[in-house]
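Asker: Model the following, please.
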Amino acid sequence: MFRVVTIAATLLLSIPSFAQSHSAIDSARSSYGKNLFFDQSFLAFYGRITKSGDESVFGAREATWTGSGIRDGIGIEMYKFIHLAFYHTHIDQESKGGALEHFNGSELSGEVTFSFSSPMGNLGFGAGVFGGQVNMQNVDKTSRFAGTGRVTNISWNYFLTSSLSLMLRVERADGNYSQSSGDTGVESFEMTRDGFAAGFKLWL
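Answerer: The predicted model follows:
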């Protein structure tokens, strides 16, 4: 999937007019002061979860998961270099193995990104922390979990106009969750997730 996106983006940006358009808009933006932005994107991810607890109840200790989510955010850009942002992400995922397990919930995150301008689109390198609550359903049993983690990402931002830009992002998230209630037999779990997001930003 990442390879397809990379090839498509490379072909698109090989057209000179696309690079010139982004470069002209980005150069015209002020390097002083602050710019507010709103962010919305669709997230697809793949990951692994390692569970702790009563294996006689929940079955396999490790599971591979796939899922998707919608992320909404608000942030501020300073000097066309530093981005500080807060995000809310709704996630929905299910096990790829034989277990009939399903997760849904939400995460709140705070991130800082360092953005570097280029004619082909601005490249960002970011990191942050998140906290979340998720519900796990395993056949007829349900548990609720709360946890925290960290996320790192690389993003690409392309200006279509001075107030609208397209965004692509790859990320890795690692987290630890503990059960707050429920009867699935899972007391806690560790999560590693690799994701790809595509969306847009509105700039004010």
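
Asker: low pLDDT regions in this protein?
Answerer: Regions of the chain meeting the criterion pLDDT under 70 cover residues 1-20, 28, 30-34, 55-60, 97-100.

Asker: Tell me where it has helices.
Answerer: Using DSSP state H, the helices of the chain run over 2-13, 16-28, 55-58.

Asker: Tell me how far Ile116 lies from Phe125.
Answerer: Actually, residue 116 is Phe. It isn't Ile. 8 Å (Cβ to Cβ, to the nearest Å). For the C-beta atoms, the positions are set from N, CA and C on the backbone; glycine is no exception.

Asker: I misspoke; the intended subject was Val186.
Answerer: For Val186, the distance to Phe125 equals 34 Å [Cβ to Cβ].

Asker: ok, these two, which is more surrounded?
Answerer: Between Val186 and Phe125, counted using other Cβ atoms under 10 Å, Val186 has the larger neighbour count: 26 against 13.

Asker: Wait, that one touches Met136, no?
Answerer: Yes: counting by Cβ atoms under 8 Å, Val186 does reach Met136; the two are 6.5 Å apart.

Asker: Need the residues touching each of those two.
Answerer: When contacts are counted by Cβ atoms under 8 Å, 6 or more residues apart in numbering, Val186 and Met136 have Ser143, Phe145 as shared neighbours.

Asker: partners of Glu171 in the sheet?
Answerer: For Glu171, the beta-bridge assignment (DSSP bridges) gives partners Asn153, Gly195.

Asker: so it touches Gly149, yeah?
Answerer: No: Glu171 lies out of contact with Gly149 (Cβ under 8 Å); the separation is 11.6 Å.

Asker: Return the backbone torsion pair for Ser163.
Answerer: Dihedral angles of Ser163 (phi, psi; degrees, to the nearest 10) stand at phi -120, psi 0.

Asker: got the contact list for it?
Answerer: Neighbouring residues of Ser163 by Cβ under 8 Å, 6+ apart: Leu202, Trp203, Leu204.

Asker: now do 10 Å
Answerer: Neighbour list for Ser163: Ile25, Asn35, Phe37, Lys201, Leu202, Trp203, Leu204 [criterion: Cβ atoms under 10 Å, 6 or more residues apart in numbering].

Asker: Also Ala85?
Answerer: Shown in contact with Ala85 (Cβ under 10 Å, 6+ apart): 37-39, 73-77, 109-113, 126, 128, 201.

Asker: I'm done for today, thanks for sticking with me.
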